[in-house]
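Novice: I'd like to go over a predicted model; first the sequence, then the structure.
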Amino acid sequence: MHFFRIFSLEILLSLLILPLCYAQRNTTFEVGVVLDADSLIARIGMTSLSLALSDFYSFNLNYSTRLVLHSRDSRRLITGAAASALNLLKDVQVDAIIGPQTSAQANFVIGLGGAAHVPIISFTATSPSLRPQTPYFVQTAINDAAQVDAVAAIVKYYKWYQVVLVYEDSDYGNGIIPYLSNAFQEINVRVSYRSVIPISTTDDYILQELYKMKTMQTRVFVVHTSSPLASRIFLKAKEAEMMSEGYAWIVTTGMMDLFNSLDSNVIYSMQGVLGVKPLIPISSRLVSTSIRWRKKFADDNPGVTPPQDINLFGLWAYDTLWALAMAAEKTGFSEPGSLPNTTSLNYTDMFITGTSQTGPKLLAAMLDTKFEGVAGNFQLVNGQLQPSSFQILNVNGNALKEVGIWSPLLQSSSSQTDANMTGFSGEKLDRVIWPGESRNVPKGWEVAVSGKKLRVGVPAVAGFPEFITVERDPQTNSTKVSGLYIDLFDAVMAELPYAVRYEYVPFEKSDGSNAGSYDDLTYQVSIGNYDVALGDITITATRSKYVVFTLPVQDAVITRTQKILYDDNPNDEWFFLRPLKMELWLTTLALFIFTGVSLWILEHRCNKAFRGPPSDHIGLILYIPFMSIVFAHREKIVSNLARVVVVVWIFVVLVLTSTYTASISARLTIFKLQQGDTDVNTLIRNGDYVGCREGTFLAGFLKSVGFDESKIRIYKGAKELEVALSKGSEKGGITAMFSGSPYADVFLSKYCNKYRKVGSPYLTEGIAFGFRKGSPLVGDVSSAITILTDSHKIAEIRAHWIRSGCNEDDPSKVGSNTNIGLRSFNILFAVTGLVTWTCVVLFLVSFFYNNWDQVKQIYNEPSTIWSKVKQICELFDTEDTTYIRPDAVDEN
């Protein structure tokens, strides 16, 4: 109160002296000041207001208006602030009120100002929840909501994925929380816990709350409390050993601004803390004002150690008074307000005040005021001081070290170009000294010693035992889990640079069956019943709503498996005819007979082996070509023309027999798959039944492809699917099985001789581990998966559990040309026929030439044509001794 009396006397003297110096009439504006007189902020603010009032009218001697300040002490009470405001509004009839000091006080006082049409101007109440209540409230301090993006940028820069909010239970503390939550949500950072600290709490409660937070995984704490409460929190955090390596603490502007006034023990406990603070541009005016302000503070507050520099609240108070004085000069004169009818008032009307005539004009003038103040550019938009850039400060020793500058303009532009940008100048921060004097950036979380084990949910029954097998010991009731995905998860967790305790918990009913589908399992993770979902779980959009997936541990596509149908049946009695086509068989038979006849013609007259009764002739015609296949005929060939025919024929026989042997050998080892229409649309059009495994997303997928729900059959296991595939749609089974590629690989490894993959696969995102959203493990687990993939460890684990099945080569291509057609032998048969026919023609020409007289005589006889042909054949049948070789004669 002593300070307030000195301050009021000084203002009164200045107002009495100035008019004497300038012989002119001045209009006075009555301005109330409501602050907590015994607080540091009030002392700083009153000094700034007094200095600003003196400076303003010293620089503007010719102004016709003057401000008269009337100070009131709110005594740190909401009711005190309300009583002070009522006194100023009713008794003094002020034109404006500067204050009150806290957001809780302002929340009540601004209602009074709105009713009286008197502007309530606060340079200390920064809660963002105050402004929407009335247009008569003006915040000449930067709103707390302006700093949330700077805080979020720090979290984003260091790639932390979850934070704990620590704030006081007041209008000041609660007002910023929705804005902080939204800022963190935009960068996918989860608020894992909110610690609400009452203003009047005990140290034991603070310590208890800190120990509670210590048992959690999160190691990043954002503190938004008043300076006195924050000091107590950090002292207790030091005691709880939470200011050591691995922890990260971020404080808001309120604490950073009063840093230089903190006790040395508090500063010592805050080593490594990061904070944000509006950036104040350095100017010569600021420097000179700070020097004069420090001297005046010492004069106004004897016995109180002055701060090293004027802080934000002092600068905002200075600029506030300049803006109000400029607005008063624009308004020109102050009109008296209308007084309420006091004769009709009773005790229930104590809050009724008059209506100011000057207030609306003064408010409009102030909202339109723009100038360069000591705190930077002063401009009000919607009754709020425009935000500036923010300094990122690091507590290092007894001082604050600037490690970066964040600008809302940079943030706004970067969000349109690169989502990874943060808004920091140069997109980087200088090196920070963290709690525990560590230079290593905290990873933001750790598994607390007293924390619970990770509950890894696994399906009780997976697609195959190779994937996951759950076994329960009936004696100890313990559960043993094994399989491909168990080994994969174990290997990945072992690759992490720190130890994580976890346990496998089957997702099962009391009877041991699955408690639901994989979608249900991921949902259970989202509601906290499990921490991880593990199994042959494919990444889908639905499941991504519940969990966050790691990088895939295995690629997976949706495949279609169908029964193998063969063109050839080795048990068919006509199987031996299958290697050659019918047209080739018929052509070979014709050539067979043609060759036999040609040889008989060429050898009949000159080779005793080709003579004899007609029945012998027919036998030789069929016998000689056939025996040439095995090179076993005993008859010697005498005629050179016949020898040419035999050579060509033997070559043909050699090619034919080799081709036949190769073709039938291939058919006895690899059977050709029928080439049917394997298009999915054909299955849909034919109304075929298709199947998939229970618990997967494939039923919904098949519906989206176009299958009617009635044509989709669900089966529990591989055995049921195999039986259904073997029956086919006609016998109550299915035509095709749809499954993920890992499931199909194991299925075919067991039944590769009966089924195969067909058609084009449908791509998916792969199989991965599903963690609860916000889990800090996801990034490190994905990195571990990448390391194991590059080192081929994942491939080795998979090979251990899943053996290679059938040859992946398309069976339809194997043996597809084993049916040999006539076209393959066109040239060979043409050469054979041409040579044989040429030899026969040459022989006949020679025969008719040598026996021309006899042929001519037969031709001239008066007999029938048939008798002439018969006589020529008899002539041909006579033995020609001139061509019979001695060895041929001896042989026969």
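Specialist: Thanks, I have the structure now.

Novice: where does the prediction get shaky in the stretch 701-850 of the chain?
Specialist: Residue ranges of the stretch 701-850 of the chain with pLDDT under 70: 804-829, 831-832.

Novice: show the pLDDT at the nearest residue to Phe847 once chain neighbours are set aside.
Specialist: The shortest distance from Phe847 to any residue other than its chain neighbours is 6.7 Å, reached at Phe876 (CB to CB, 6 or more residues apart in numbering). C-beta: built from backbone N, CA, C; applies to glycine. We have a pLDDT of 72 for Phe876.

Novice: quick check: Phe876 touching Trp600?
Specialist: No: Phe876 is not in contact with Trp600 according to CB atoms under 8 Å; the separation is 10.9 Å.

Novice: ok, back up a step: now the residue nearest to Phe847: which helix or strand?
Specialist: Secondary structure assigned from DSSP states H and E places Phe876 in helix 865-877.

Novice: in that helix, which residues are buried?
Specialist: Neighbour counts using 16 or more other CB atoms under 10 Å place 871-872, 876 of helix 865-877 among the buried residues.

Novice: count the neighbours of Met205 for me.
Specialist: Let me fix one detail, which is that residue 205 is Tyr and not Met. By other CB atoms under 10 Å, 13 other residues sit near Tyr205.

Novice: show me the contacts for it.
Specialist: 197-198 (CB atoms under 8 Å, 6 or more residues apart in numbering).

Novice: quickly find the element holding it.
Specialist: Under the criterion of DSSP H and E, Tyr205 resides in helix 203-214.

Novice: what's downstream of that helix, the next helix or strand?
Specialist: On the C-terminal side of helix 203-214, the closest following helix or strand by DSSP H and E is strand 220-224.

Novice: tell me what the next helix or strand along the chain from that next one is packed against?
Specialist: Next helix or strand after strand 220-224 toward the C-terminus (DSSP H and E): helix 227-239. Using 3 or more CB pairs under 8 Å, 6 or more residues apart in numbering; DSSP states H and E as the contact test, the elements touching helix 227-239 are helix 203-214, strand 248-251, helix 253-257, helix 264-269.

Novice: JSON lines for these, including distance to Trp801 and mean pLDDT?
Specialist: Shown next, in JSON lines, are the helices and strands packed on helix 227-239 (distance: least, CB to CB, whole Å; pLDDT from 0 to 100):
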{"stretch": "helix 203-214", "distance to Trp801": "41", "mean pLDDT": "92"}
{"stretch": "strand 248-251", "distance to Trp801": "41", "mean pLDDT": "97"}
{"stretch": "helix 253-257", "distance to Trp801": "56", "mean pLDDT": "91"}
{"stretch": "helix 264-269", "distance to Trp801": "54", "mean pLDDT": "94"}
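
Novice: looking at those, which is nearest to Asp73?
Specialist: helix 253-257 (21.7 Å; CB to CB).

Novice: counting by contacts, list what that closest one packs against.
Specialist: Packing contacts for helix 253-257, counted by 3+ CB pairs under 8 Å, 6+ apart, involve helix 227-239, strand 274-278, helix 312-331.

Novice: now mean pLDDT and distance to His70 too, for the ones you listed, in JSON lines please.
Specialist: Shown next, in JSON lines, are these (pLDDT from 0 to 100; distance: least, CB to CB, whole Å):
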{"stretch": "helix 227-239", "mean pLDDT": "94", "distance to His70": "28"}
{"stretch": "strand 274-278", "mean pLDDT": "95", "distance to His70": "30"}
{"stretch": "helix 312-331", "mean pLDDT": "95", "distance to His70": "13"}
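
Novice: format those as a markdown table; extra columns: mean neighbour count and distance to Trp585.
Specialist: Compiled in a markdown table, the helices and strands packed on helix 253-257 are given as follows (neighbours: other CB atoms under 10 Å; distance: least, CB to CB, whole Å):
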| stretch | mean neighbour count | distance to Trp585 |
| --- | --- | --- |
| helix 227-239 | 21 | 96 |
| strand 274-278 | 24 | 91 |
| helix 312-331 | 25 | 104 |
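
Novice: measure Leu86 to Val553 for me?
Specialist: To Val553, Leu86 is 69 Å away according to CB to CB, to the nearest Å.

Novice: okay, those two: which has more neighbours?
Specialist: Neighbour count, other CB under 10 Å: between Leu86 and Val553, Val553 has more, with 25 against 18.

Novice: before we move on, the earlier item: go through the buried residues of helix 865-877 and name the one nearest Thr358.
Specialist: Using CB to CB, the buried residues of helix 865-877 come closest to Thr358 at Phe876, 147.3 Å.

Novice: list the contacts for that closest one?
Specialist: When contacts are counted by CB under 8 Å, 6+ apart, Phe876 is found next to 604-605, 847.

Novice: what's the closest of the helices and strands packed on helix 227-239 to Asp708?
Specialist: helix 203-214 (55.3 Å).

Novice: re the thing from before, same list (the helices and strands packed on helix 253-257) but as JSON lines, adding distance to Ser195.
Specialist: Shown next, in JSON lines, are the helices and strands packed on helix 253-257 (distance: least, CB to CB, whole Å):
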{"stretch": "helix 227-239", "distance to Ser195": "9"}
{"stretch": "strand 274-278", "distance to Ser195": "18"}
{"stretch": "helix 312-331", "distance to Ser195": "26"}
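
Novice: which of those sits closest to Leu584?
Specialist: Comparing the helices and strands packed on helix 253-257 by CB to CB, strand 274-278 comes nearest, at 87.5 Å.

Novice: which element follows that closest one toward the C-terminus?
Specialist: helix 284-300.

Novice: just the buried residues of that following helix, please?
Specialist: Within helix 284-300, the residues scored as buried using 16+ other CB under 10 Å are 286, 289-290, 293-294, 296-297, 300.

Novice: so what touches the helix or strand hosting Met737?
Specialist: Assessed by DSSP H and E, Met737 sits inside strand 736-740. Contacts to strand 736-740, defined as CB under 8 Å, 6+ apart, come from residues 463, 536, 538, 556-562, 683, 688, 690-693, 696, 698, 701-702, 721, 724-725, 744, 747, 755, 758, 764, 767.

Novice: out of these, which end up buried?
Specialist: In the contacts of strand 736-740, the ones that pass as buried (16+ other CB under 10 Å) are 463, 536, 538, 556-562, 683, 688, 690-693, 696, 698, 701-702, 721, 724-725, 744, 747, 755, 758, 764, 767.

Novice: keep only those of these that are in helices.
Specialist: If you go by DSSP state H, those have 683, 698, 701-702, 721, 724-725, 744, 747 in helices.

Novice: max-length helix in this protein?
Specialist: Across the chain, the longest stretch assigned as helix under DSSP H is helix 640-669.

Novice: against which helices or strands is it packed?
Specialist: Identification of packing neighbours for helix 640-669 by 3+ CB pairs under 8 Å, 6+ apart yields helix 582-603, helix 826-850.

Novice: show me where the stretch 51-200 of the chain has its strands.
Specialist: Here the stretch 51-200 of the chain has its strands, by DSSP state E, counting those that start in this stretch, at 65-73, 96-98, 120-122, 137-139, 162-168, 190-197.

Novice: can those go into TSV with extra columns for mean neighbour count?
Specialist: Below are the strands of the stretch 51-200 of the chain laid out as TSV (neighbours: other CB atoms under 10 Å):
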stretch	mean neighbour count
strand 65-73	22
strand 96-98	29
strand 120-122	29
strand 137-139	26
strand 162-168	22
strand 190-197	16
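
Novice: Throw those strands into TSV and include distance to Val155 and mean pLDDT, thanks.
Specialist: Output for those, formatted as TSV (distance: least, CB to CB, whole Å; pLDDT from 0 to 100):
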stretch	distance to Val155	mean pLDDT
strand 65-73	40	94
strand 96-98	36	96
strand 120-122	29	95
strand 137-139	26	93
strand 162-168	6	94
strand 190-197	11	92
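
Novice: nearest approach to Lys370 belongs to which of those?
Specialist: Closest among the strands of the stretch 51-200 of the chain, once you apply CB to CB, is strand 137-139, at 14.1 Å.

Novice: contacts for that closest one, please.
Specialist: Applying CB under 8 Å, 6+ apart, the set of residues contacting strand 137-139 is 106, 110, 113-114, 119-122, 125-126, 130-131, 363, 366-367, 380, 383-385.
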